[in-house]
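Engineer: Just a sequence and a predicted model for now, questions to come.
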Amino acid sequence: MAFWTYILLCADGRYYTGHTDNLEYRIGQHQSGAIEGFTSSRLPVRLMWSHDFITRLEALDAEMRIKKWSRAKKEALIRGDWSEVSHFAKPPHERSPVSARDTPLSVRIERSRDAPRSGVTPMGVSTSLDTNGNYRLPDADERGEE
């Protein structure tokens, strides 16, 4: 059995992070407003990112960590931009001053929409319907961590 951590984009532009053992069903619950709370008053919601884990504890741990992240760091995760995730993991006074992150997100999204789709899932989304098996979190070496 797989467990999932996921990020939804709500109609008001806010992100919601959760975890589940049945991603399709849980997204349906959010979409229908069946889950009272944060998302039910911000419909519709759209799945932006998800990742599967072997245990519920791992999925819950990822959810708790991501919930504490800044919007910019969550958006870097959604894009699969590990250098940006790493950048936003540092305290502001330790961050390097110049990079693609200085380009407004809306400009980067527009540019990415112009890129050819060629089978690439938009916004780094991985869902249970995405059966190609190519999406995974990179390990520390791939992210440039030691």
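Structural biologist: Ah, there it is.

Engineer: Name the residues of the strand or helix carrying Gln31 that come out as buried.
Structural biologist: Gln31 belongs to helix 23-32 when assigned by DSSP states H and E. Buried residues in helix 23-32, counted by 16 or more other Cβ atoms under 10 Å: Leu23, Arg26, Ile27, His30, Gln31. In short, each C-beta sits where N, CA and C put it, glycine included.

Engineer: Dump those into JSON lines; add distance to Lys68 and pLDDT as well.
Structural biologist: Putting the buried residues of helix 23-32 into JSON lines (distance: Cβ to Cβ, whole Å; pLDDT from 0 to 100) gives the following:
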{"residue": "Leu23", "distance to Lys68": "22", "pLDDT": "98"}
{"residue": "Arg26", "distance to Lys68": "21", "pLDDT": "98"}
{"residue": "Ile27", "distance to Lys68": "23", "pLDDT": "97"}
{"residue": "His30", "distance to Lys68": "21", "pLDDT": "97"}
{"residue": "Gln31", "distance to Lys68": "26", "pLDDT": "97"}
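
Engineer: and which of those residues is nearest Thr5?
Structural biologist: Among the buried residues of helix 23-32, Leu23 lies closest to Thr5 (Cβ to Cβ), at 9.6 Å.

Engineer: After the lengthiest helix in the chain, which helix or strand is next?
Structural biologist: Of all the segments of type helix in the chain, defined by DSSP state H, the longest one is helix 56-67. Following helix 56-67 in sequence order, the next helix or strand is helix 71-79 (DSSP H and E).

Engineer: Would you agree Tyr6 is in contact with Ser50?
Structural biologist: Yes - counting by Cβ atoms under 8 Å, Tyr6 does reach Ser50; the two are 4.1 Å apart.
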